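# show me how the following folds:
(4 chains)
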There are 2 protein chains.
Amino acid sequence: MGERVVPEPDRRRRRPTKQGTVLSAEAIVATALRLIGQHGSEALTVRRLGAALGSDPSSIYRYFRNTDDLLLAIADELISRAQQGWRATGDWQADLREIGRRIHHAYQRHPRTAILAAYRTTGRAHEIRAVEVILGVLRRGGFPDAEAVRIYHAFVDQALAFAALDAAASALPSAARQADEDVWHRTYARLPAESHPHIAATAPLLVAEMRVSGYPAALELLLEAAAARLERPRGTAG
Amino acid sequence: MGERVVPEPDRRRRRPTKQGTVLSAEAIVATALRLIGQHGSEALTVRRLGAALGSDPSSIYRYFRNTDDLLLAIADELISRAQQGWRATGDWQADLREIGRRIHHAYQRHPRTAILAAYRTTGRAHEIRAVEVILGVLRRGGFPDAEAVRIYHAFVDQALAFAALDAAASALPSAARQADEDVWHRTYARLPAESHPHIAATAPLLVAEMRVSGYPAALELLLEAAAARLERPRGTAG
DNA sequence: CACCTTATGACAACGCCATTGACGTGTGAA
DNA sequence: TTCACACGTCAATGGCGTTGTCATAAGGTG
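The predicted model follows:
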């Protein structure tokens, strides 16, 4: 079977669909994001995407080798959006904090897409740029290479992991989401001190704390630990 | 359509399949776990499960309302297994490290259930026990309540978030998973220093580091930061 | 402008998935 | 022993991603 996808730089023709749409990879990705935003991640099927585009679903295979290829393009678009407007301040902690916040935030804006995309490694332009930027922040901040890479890894995966976790929770049907949120004061806050002394002692704090994402707290802990390592280098044994 | 599933306490009959197997919910769950363990998460389809059980796949619907019901039963079994054998040592760092490792590890064994369960708050017995244990470790470790709750939140969400992230990555079809893993040496390691000086300078370190989960590194950072807070309390302003 | 090549969209089909309606009969209670 | 019906089975439904192939419109060339 011949290759269906013509590499983008070689593309010469534009042919409208029966419904008048002129397709492009960008249009497909934007439509996919809209479809997910409106109907959830399960709505992303080639048939529904085709309908939303005004084309036969198989045309999508002229632009993307398979649905996985499409998903990677969607993930890259999200990474692009997270980076728009960011400028380095030179303060590595402030920079990482802002980058982490943006990554997390971008995915919360598209929770259904986050569920599909956060765990992918695309090797595409926007991701490459993000990797270069974060490593740059760490290396200019004074971290030796091995430490910079290790912290980069923990930092970026944590951001993505929390992004997906929080996105998945917020993407729940509202009844299930409400039930999960209510568990802390309906169940945990009512546990007796005899059987659960630690929960009972901290219940009001738990109810307040678990209302929000754990990411800001986790990010601060990571930044504090990184700063401590910078002050007291661990040598080459790490 | 009448309800297919007879509640377990009401179950009276056992009828062998054509191949001689006598089914039960427990047998189905155990077989499903074995199937996943042997062939990966993609192998868990009702057809394959039926074949492994020596029954028609639709029989499974006599025991579970749908595949989601089955997955939650598998998750329940998994949570039970993950808690077996854990004992507090009294060293809060070692205990948290082990708990985090167990949470993460349990979910990697069954990535599909991880994807479904990691972001849920169930308020069920096993979860309650885990909350009590972790808070106990922190409070006995000397953390004041507000700090204990904050660190608990960051710790448990970090573990669950990474569990889900890594599980989702490993649940990818093998071609996609391999492609993601190859990105670091196929794409990143080949970027020129002129355009990507930081990636180029750290490429061999990146290739090695990104081969494994970021969770152990993130967990160590969290534990280091928590220890530092214990040594230098931050007062009540946190 | 005419001609020609072929990229592009469309259509039909394949093989797989989870699930359901309905049937046959073996299990267990009376 | 009789009888009801739970249990396993079979065939079908509706959906999925993807591919082979056809028709033709787009664009390049002379």
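
# surely A:Arg81 meets A:Tyr107?
No: assessed by C-beta atoms under 8 Å, A:Arg81 is found out of contact with A:Tyr107, at 9.7 Å. Every residue, glycine included, has its C-beta placed from N, CA and C.

# neighbour count for the two, which is higher?
Shown here are A:Arg81 and A:Tyr107; by other C-beta atoms under 10 Å in any protein chain shown, A:Tyr107 has more neighbours (27 against 17).

# that one against A:Ala163, yeah?
Yes: in this structure A:Tyr107 lies within contact range of A:Ala163 using C-beta under 8 Å: 3.7 Å.

# which neighbours do those two have in common?
Residues touching both A:Tyr107 and A:Ala163 by C-beta atoms under 8 Å, 6 or more residues apart in numbering or on different chains: A:Ala114, A:Ala118.

# where does the residue lying closest to A:Arg62 once chain neighbours are set aside land in three-state SS?
For A:Arg62, ignoring the flanking residues on the chain, the nearest one in space by C-beta to C-beta, 6 or more residues apart in numbering or on different chains is A:Arg4 at 5.8 Å. Classification of A:Arg4 using DSSP: H, G, I helix; E, B strand; the rest coil returns coil.

# where's A:Arg4 relative to A:Gly40, distance?
Distance of A:Arg4 to A:Gly40, computed by C-beta to C-beta, to the nearest Å: 28 Å.

# cool, and A:Pro9?
Distance of A:Pro9 to A:Gly40, computed by C-beta to C-beta: 34 Å.

# okay, the residue lying farthest from the centre of chain A and DNA strand C: tell me how far apart.
Taking C-alpha atoms, centre = their mean, the residue of chain A most remote from its mean C-alpha position is A:Glu194, at 41.6 Å. With distances taken as C-beta to the nearest atom of the strand, to the nearest Å, A:Glu194 is found 41 Å from DNA strand C.

# contact residues of chain A facing DNA strand D?
Counting by C-beta under 7 Å from any atom of the strand, the residues of chain A lying close to DNA strand D are A:1, A:4, A:12-16, A:44-48, A:57-58, A:61, A:66-68.

# let's go with 6 Å and repeat that
A:1, A:12-16, A:45-48, A:57-58, A:61, A:66-67 (C-beta under 6 Å from any atom of the strand).

# how about low-confidence regions in chain A?
Scanning chain A with the threshold set as pLDDT under 70 gives A:1-2, A:173-175, A:234-238.

# so where do the helices sit in it?
A:25-39, A:46-53, A:67-83, A:92-109, A:111-117, A:125-140, A:145-170, A:174-186, A:197-209, A:215-231 (DSSP state H).

# about what we covered before: which one of A:Pro9 and A:Gly40 has more residues nearby?
It is A:Gly40, of A:Pro9 and A:Gly40, that has more neighbours when counted by other C-beta under 10 Å, with 14 against 5.

# ignoring the adjacent residues along the chain, who's closest to the more buried one?
Take A:Gly40 and drop its neighbours on the chain: the residue closest to it by C-beta to C-beta, 6+ apart is A:Arg112, 5.2 Å away.

# and the one you found, how many residues sit next to it?
Other residues within reach of A:Arg112, judged by other C-beta under 10 Å, total 22.

# which ones are touching it?
Applying C-beta under 8 Å, 6+ apart to A:Arg112 gives the contacts A:Ile36, A:Gly37, A:Gly40, A:Ser41, A:Ala167, A:Ala171.

# now with 10 Å, please.
With contact set as C-beta atoms under 10 Å, 6 or more residues apart in numbering or on different chains, A:Arg112 has these partners: A:33, A:35-44, A:167-168, A:170-171.

# do the same with A:Leu165
Counted by C-beta under 10 Å, 6+ apart, A:Leu165 has contacts A:107, A:114-115, A:118, A:213-215, B:118-119, B:157-158, B:160-165.

# and for it, nearest residue in space, chain neighbours not counted?
The shortest distance from A:Leu165 to any non-neighbouring residue, by C-beta to C-beta, 6+ apart, is to B:Ala161 (4.0 Å).

# burial count for that neighbour?
For B:Ala161, the tally of surrounding residues (other C-beta under 10 Å) stands at 30.

# thought it was touching A:Asp157?
Yes: here B:Ala161 reaches A:Asp157: they are 9.0 Å apart, a contact under C-beta atoms under 10 Å.

# find residues that contact each of those two.
A:Ala118, B:Tyr215, B:Ala218.

# going by distance to DNA strand C, which of the residues you listed wins?
Nearest to DNA strand C among these is A:Ala118, at 23.8 Å by C-beta to the nearest atom of the strand.

# how about that closest one, phi and psi?
phi -60, psi -30 (degrees, to the nearest 10).

# my guess is it contacts A:Leu78. True?
Yes: counting by C-beta under 10 Å, A:Ala118 touches A:Leu78, with 8.6 Å between them.

# joint contacts of the two?
Residues touching both A:Ala118 and A:Leu78 (C-beta under 10 Å, 6+ apart) are A:Ile103, A:Tyr107, A:Ala163.

# let's have these in CSV, adding distance to DNA strand C.
CSV is the format used below for the shared contacts of A:Ala118 and A:Leu78 (distance: C-beta to the nearest atom of the strand, whole Å):
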residue, distance to DNA strand C
A:Ile103, 33
A:Tyr107, 27
A:Ala163, 28
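
# now distance to A:Ile134 too, for those, in CSV please.
What follows is the shared contacts of A:Ala118 and A:Leu78, written out as CSV (distance: C-beta to C-beta, whole Å):
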residue, distance to A:Ile134
A:Ile103, 10
A:Tyr107, 16
A:Ala163, 15
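
# same for chain B: which of those residues are within range?
A:Ala163 (C-beta under 10 Å from any C-beta of the partner chain).

# domain parsing for chain A?
A:18-64, A:87-231 (automatic domain parsing).

# just put those in CSV and tack on distance to B:Ala208.
CSV is the format used below for the domains of chain A (distance: least, C-beta to C-beta, whole Å):
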stretch, distance to B:Ala208
domain A:18-64, 31
domain A:87-231, 8
